[in-house]
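> using only what follows, build the 3D model:
(chains A and B)
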Amino acid sequence: MRKASPSSGPTSRAYPANVTFNTLIRSNKRKSVVLMIGMGVFVVVVVTVMLMAGLVLLGSRGGGEVDPVQSLVVGATAAVVVAVLAALWSFYGGGNAILKMSGAVQIPREVDPQLHNVVEELAIAAGIPMPAIYIIDDTALNAFATGRDPDHAAVAITKGLRYQLSRDELAGVMAHELSHVRHFDIRFAMLMATMVGLVVFACDAFFQVARYQFWFGRGMSGRGSRSRDGGGQAQAILAIGLLVLALVLAAVAPMVVMLIRFAVSREREYLADAGAVELTRNPLGLISALEKLGACREPLEVANRATAHLYMVNPLKHVQKGKGHELNSAFSTHPPLTERIARLRALIE
Amino acid sequence: MGPMTIAALAFSGLFVLILLWMIALFNGIKRKEIECDQAWSDIDVQLKRRYDLIPNLVSTVKGYASHEKETLEQVISARAAAIDSTGIAAQGKAEGELSQALGRLMMLSESYPDLKANQNFLQLQEELTSTENKIGFSRQHYNGSAAQYNTAIQTFPGVIVASLMGFGDREYFEIEVPEQREAPKVEF
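Reported below is the predicted structural model:
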């Protein structure tokens, strides 16, 4: 685990000297593409291995039983179709669903002109259209952004946070959220989640098949098939190798993709913080907002594991240790606040 | 097919490729130019919004601090000068003076508790703060777009298309305010 340190070490890595913000965004997008391709390849490999191993397992029963094979193929196809549909749904409707799920309501300009002004200013600074503004009736301190691209974006803030922040702090928080929008982090997170889901599903399906074969099919099938084709020893070794690989992958892959996803999520939080400072030109606002957020230990009831990564700070506080001692765990969606504040402080000369 | 025909085909193919490339370059530069125009009109909207806020603000302040005539008149004349100014550089200077005059007016309001408690004034203050921020941000955005456009038409290969099609440099919009809000210096 990395320890929070105010040194410029990690900071200078995240924001090399003399880069404009546009280069930073471009490199961010490039990294995203690389990660997505890597993740995609990994997902395809995992799914293929699971499918092949599943086929081998089912095929080993021999006796021309095609039905289980067919059903596996049909099952895999169905899984892919479901995954694609889920991705499409989350792509086009996910934003609204999340807003509805968290009980956010759109707030008219007359009710809170300052909030609208602040967001408008930042939208101008970011060069993106004005997002819809929502408020969550909750005393917990948090905020999030959603929407597949800047044209369909929304920002939401809890009442608790809204009325505890000064204008500058509010600008810092909203700038962080708009940076997520501007960096296409929401789209990215949704696609990542879909891929993670696909891998978990494939591995789980393989385990189911393996367990089924272990209990019902193994007894005679192994011996039977070996005796039937005498020259198939190499094939048998290949099949066993494939099975071992599949077992290892099935055990490890869900963890790996989840860890990648969390790592990416944390890196993007740092980048959104940097983006916020670039927009507001005032790190102090965001720093003092983060300090206020850190002082509050109230979890946000409407958030859950699926939506946690969207929020300003981890809304599921109960999974963390006591005040000021957050774990910089490989499993958290957000870096610890102390580390975020340290990196922001490093931006001030 | 004789060698002549092949050569002719190759040349016309090359010609078409170069033409397509030039078109792509032209479109790229044109897009950046449109971006500049849009960014400029964003600044314009905010500057006009500020002009519109001022009469209301002046009359509100007058109700509480009528003897601060000099400051109020400075704001009014600075506003008129800013509206009349033409050209990016001249306008930048005039807007800078208006910002300064407004800054003095807002400073002055600090010593009038009744004024500071006035709901209307508070609203105007928030609107003015926001508008000034928006001016700052849209200026940032415009200057960024102008820099990108200028780079595109001054570097190879854009410079060829730019000189052929007569694209000119964009002026940056600088608002000269000596006593600008002290924001911490940020290094990236």
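
> biggest helix in the chain, by residue count?
The chain I'm using is chain A. helix A:233-280 (DSSP state H).

> actually chain B
Selection of the longest helix in chain B by residue count, based on DSSP H, yields helix B:3-64.

> list of residues touching the next helix or strand after that one?
Note on helix B:3-64: by DSSP states H and E, the next helix or strand toward the C-terminus is helix B:69-84. With contacts defined as Cβ atoms under 8 Å, 6 or more residues apart in numbering or on different chains, helix B:69-84 is touched by B:47, B:51, B:54, B:57-58, B:61-62, B:91, B:94-95, B:97-98, B:100-102, B:104-105, B:108. All C-beta atoms are positioned from the backbone trio N, CA, C, and that covers glycine.

> just the buried members of these?
Buried subset of the contacts of helix B:69-84 (neighbour count, 16 or more other Cβ atoms under 10 Å in any protein chain shown): B:47, B:54, B:57-58, B:61, B:91, B:94-95, B:97-98, B:100-102, B:104-105.

> shaky segments in the chain?
By default, I'm working from chain A. Within chain A, the segments meeting pLDDT under 70 span A:1-26, A:28-29, A:59-76, A:78-79, A:83, A:215-232, A:297, A:301-310, A:316-331, A:349.

> that answer is for a different chain, and I need it for chain B
For chain B (pLDDT under 70), the answer is B:177-188.

> residues near A:V111, how many?
Using other Cβ atoms under 10 Å in any protein chain shown, the number of residues around A:V111 comes to 11.

> same deal with A:L88?
A:L88 has 12 nearby residues by other Cβ under 10 Å.

> which residues touch it?
Shown in contact with A:L88 (Cβ under 8 Å, 6+ apart): no residues.

> quick check: it is in a helix.
Yes - checked against DSSP: H, G, I helix; E, B strand; the rest coil, A:L88 lies within a helix.

> farthest pair within the buried ones among the contacts of helix B:69-84?
Greatest spacing in these, by Cβ to Cβ: B:V61 and B:Q91 (25.2 Å).

> starting at the chain centroid, how far to the longest helix of chain B?
In terms of Cα atoms, centre = their mean, to the nearest Å, the centre of helix B:3-64 is set 14 Å apart from its chain centre.

> angle of it against helix B:69-84?
Relative orientation of helix B:3-64 versus helix B:69-84 (axes from the mean of the first three to the mean of the last three Cα atoms, to 10 degrees): 160 degrees.

> is chain A contacted by helix B:3-64?
Yes - for helix B:3-64, a contact with chain A is found by Cβ under 8 Å from any Cβ of the partner chain, at B:39, B:42, B:46.

> verify the stated contact: the last one with B:T131.
Yes - when contacts are counted by Cβ atoms under 8 Å, B:Q46 is listed as touching B:T131 (5.8 Å).

> one step back: now the residues of helix B:3-64 next to chain A in TSV, with neighbour count?
Converted to TSV, the residues of helix B:3-64 next to chain A look like this (neighbours: other Cβ atoms under 10 Å in any protein chain shown):
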residue	neighbour count
B:A39	24
B:D42	20
B:Q46	21
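
> can you pull the contacts of the residue most central in space within chain B?
For chain B, the residue nearest the mean C-alpha position is B:R139 (3.6 Å; Cα atoms, centre = their mean). For B:R139, the contacting residues are B:43, B:173, B:175, by Cβ under 8 Å, 6+ apart.

> and A:M192, by the same measure?
Counting by Cβ under 8 Å, 6+ apart, A:M192 touches A:36, A:39, A:260-261, A:264.

> can you check A:V257 too?
A:39, A:42-43, A:195-196, A:199-200.

> next: A:I260.
A:35, A:39, A:192.

> isn't B:F173 up against B:N143?
Yes - with contact defined as Cβ under 8 Å, B:F173 counts as touching B:N143 (6.2 Å).

> any idea where the helices of chain A begin and end?
Under DSSP H, chain A gives helices at A:9-14, A:21-59, A:67-92, A:94-101, A:113-126, A:159-162, A:167-182, A:185-212, A:218-228, A:233-280, A:283-295, A:337-347.

> buried deepest among those, which one?
Mean neighbour count (mean count of other Cβ atoms under 10 Å in any protein chain shown) peaks for helix A:167-182 among the helices of chain A, with a mean of 25.

> how much space separates the residue nearest the centre of chain A from A:T146?
The structure's chain A has its C-alpha centroid closest to A:A189; by Cα atoms, centre = their mean the separation is 4.2 Å. The gap separating A:A189 from A:T146 is 10 Å, by Cβ to Cβ, to the nearest Å.

> same question, A:C296
From A:C296 to A:T146 the distance is 22 Å (Cβ to Cβ).

> who has more neighbours, those two?
Counted by other Cβ under 10 Å, A:C296 and A:T146 do not tie: A:T146 has more neighbours, with 28 against 17.

> what parts of the stretch 51-200 of chain A come near chain B?
A:113-114, A:117-118, A:120-122, A:124-125, A:127, A:167.

> which one of the residues you listed sits closest to A:Q233?
A:G127 (65.5 Å).

> before we move on, back to that, nearest to chain B, out of the contacts of A:V257: which one, please.
Closest to chain B out of these is A:M39 (28.4 Å), distances taken as Cβ to the nearest Cβ.

> which residue, other than its chain neighbours, is closest to the closest one?
Excluding the flanking residues, the one nearest A:M39 by Cβ to Cβ, 6 or more residues apart in numbering or on different chains is A:M195, at 5.4 Å.

> and if you look at A:I287?
Closest residue to A:I287 apart from its sequence neighbours, by Cβ to Cβ, 6+ apart: A:L344 at 5.1 Å.

> isn't the one you found right up against A:P283?
Yes - at 4.8 Å, A:L344 counts as touching A:P283 under the criterion of Cβ under 8 Å.

> quickly list what's touching both of the two.
The contact lists of A:L344 and A:P283 share A:V277, where a contact means Cβ under 8 Å, 6+ apart.

> residues contacting A:P150?
Neighbours of A:P150 in contact, by Cβ under 8 Å, 6+ apart: A:126, A:128-129, A:131, A:181-182.

> and it, how far from A:I128?
To A:I128, A:P150 is 4 Å away according to Cβ to Cβ.

> got any residues that touch both of these two?
Counting by Cβ under 8 Å, 6+ apart, the residues touching both A:P150 and A:I128 are A:181-182.

> just checking, A:M130 touches A:V119?
Yes - counting by Cβ under 8 Å, A:M130 touches A:V119, with 6.8 Å between them.

> would B:G168 count as being in a strand?
No - under three-state DSSP, B:G168 falls outside any strand and is assigned coil.

> look up how far B:L98 lies from it.
28 Å.

> for the host helix or strand of B:F137, buried residues please.
With elements taken from DSSP H and E, the one containing B:F137 is helix B:119-154. Judged by neighbour count using 16+ other Cβ under 10 Å, the buried positions of helix B:119-154 are B:121, B:124-125, B:127-147, B:149-150, B:152-153.

> just curious, which of the contacts of A:M192 is nearest to chain B?
Taking Cβ to the nearest Cβ as the measure, chain B lies nearest A:V264 of those, at 21.6 Å.

> confirm for me that that closest one is in contact with A:M36.
No - here A:V264 lies out of contact with A:M36, judged by Cβ under 8 Å, at a distance of 9.6 Å.

> what residues are shared contacts of the two?
Counting by Cβ under 8 Å, 6+ apart, the shared contacts of A:V264 and A:M36 are A:188, A:192.

> now do the domain split for chain A, please.
A:9-93+A:186-254, A:95-184+A:267-347 (automatic domain parsing).

> and the longest one, how far out from the chain's middle?
Shown here is domain A:95-184+A:267-347, whose average C-alpha point lies 16 Å from the average C-alpha point of the whole chain (Cα atoms, centre = their mean).

> thanks again, I'm all set now.
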